[in-house]
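A.B. asks: Quick one: sequence and predicted model below, then my questions.
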Amino acid sequence: MPIKAVVWDVDDTLFDYTTADREGMRAHLAVEGLLAGYGTPEAALTRWREITDQQWARFAAGVTSFEGQRRDRVRVFVGRELTDGEADAWFGRYLRHYETAWALFPDVLPALDLLAASHRHAVLSNSSLHVQDRKLRVLGVHDRFEVVLCAAELGVSKPAAEAFHAACEALALAPDQVAYVGDHPEIDGRGAAEAGLLSVWIDRDGVYTAPDTPTGPRRIASLAELPALLGADTRFGAPSTFG
């Protein structure tokens, strides 16, 4: 069955989250006087990402709220008790640095332009609608998408099939009529494939070796490959174009 819509991940797929997070946190920690305690900026950033992953897992499991995981990220990172207001203020100061580094990947607009007439478009993100709606507007691409769905409001996170199926239902399409494009090999790649979508995993850095590569998703190195993949062959499980 032909693919009629593309559902997109946001962070590190459309939006260069890793660079923005790195540069924003580096600037923020310098202002807060916290870099020295970690030896190097890279060590501090690694610890911040570890804590982010741990706290997100708690949110995904229903242990805490979206706001709660943000606050706990700050508390664990600074290593002391903070009130909700203090944690929110700390995170808000970080956000101001982070947002100055926001940018789309260079291959995003050309791909969206090429697919604009042939496919419908939506977003499915493991974040909150408040965060991603604003981000897409600031980046100038919000109007490209019919639907923006996020885990905080859905009550279910990728890689659960229910999250991917919610996006299909919002578009009134069957899973085998929808492609999902995301950067994470398991959460996005394997998750979408197991939910029955045409899974397209974008691996821009090419850091994964064959034994690490999940089965199911089509692997691409750039969104420049996506229009041809969807137009020439949309059969699930076709050979990858990844070089």
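C.D. replies: Received it, and whenever you're ready, just let me know what you need.

A.B. asks: From here on, just use CA atoms for contacts and neighbour counts.
C.D. replies: Fine.

A.B. asks: can you give me the helices in this protein?
C.D. replies: Using DSSP state H, the helices found in the chain span residues 17-32, 41-60, 66-78, 84-99, 108-115, 129-138, 151-154, 161-171, 191-194, 226-232.

A.B. asks: Mean pLDDT lowest where, among the ones you listed?
C.D. replies: Lowest mean pLDDT within the helices of the chain: helix 226-232, a mean of 83.

A.B. asks: May I see the buried residues of that one?
C.D. replies: Buried residues in helix 226-232, defined by neighbour count with 16 or more other Cα atoms under 10 Å: 226-227, 229-230.

A.B. asks: Output the residues you listed as TSV; include the columns distance to G155.
C.D. replies: Converted to TSV, those look like this (distance: Cα to Cα, whole Å):
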residue	distance to G155
L226	30
P227	32
L229	32
L230	30
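
A.B. asks: What is the neighbour count of A172?
C.D. replies: When neighbours are counted by other Cα atoms under 10 Å, A172 registers 10.

A.B. asks: do D113 as well
C.D. replies: Number of residues near D113 (other Cα under 10 Å) recorded here: 12.

A.B. asks: repeat for G85
C.D. replies: With neighbours defined by other Cα under 10 Å, the count for G85 comes to 10.

A.B. asks: that older thread, just name the most buried of the helices of the chain.
C.D. replies: helix 191-194 (a mean of 25; mean count of other Cα atoms under 10 Å).

A.B. asks: Does anything pack onto that one? Which helices or strands?
C.D. replies: Applying 3 or more Cα pairs under 8 Å, 6 or more residues apart in numbering; DSSP states H and E, one finds that helix 191-194 contacts helix 161-171, strand 198-202.

A.B. asks: what comes into contact with it?
C.D. replies: Helix 191-194 is contacted by residues 158-161, 164, 180, 198-199, 216-217 when judged by Cα atoms under 8 Å, 6 or more residues apart in numbering.

A.B. asks: Repeat that for stretch 170-185.
C.D. replies: In contact with stretch 170-185 (Cα under 8 Å, 6+ apart) are residues 1-10, 12-13, 147, 165, 168, 188-189, 192, 195-203, 213-214.

A.B. asks: repeat that for 7 Å
C.D. replies: For stretch 170-185, the surrounding residues in contact (Cα atoms under 7 Å, 6 or more residues apart in numbering) are 1-9, 12-13, 165, 168, 188-189, 192, 196-203, 214.

A.B. asks: again with stretch 143-155
C.D. replies: Contact with stretch 143-155 is made by 66, 121-129, 157, 167, as judged by Cα under 7 Å, 6+ apart.
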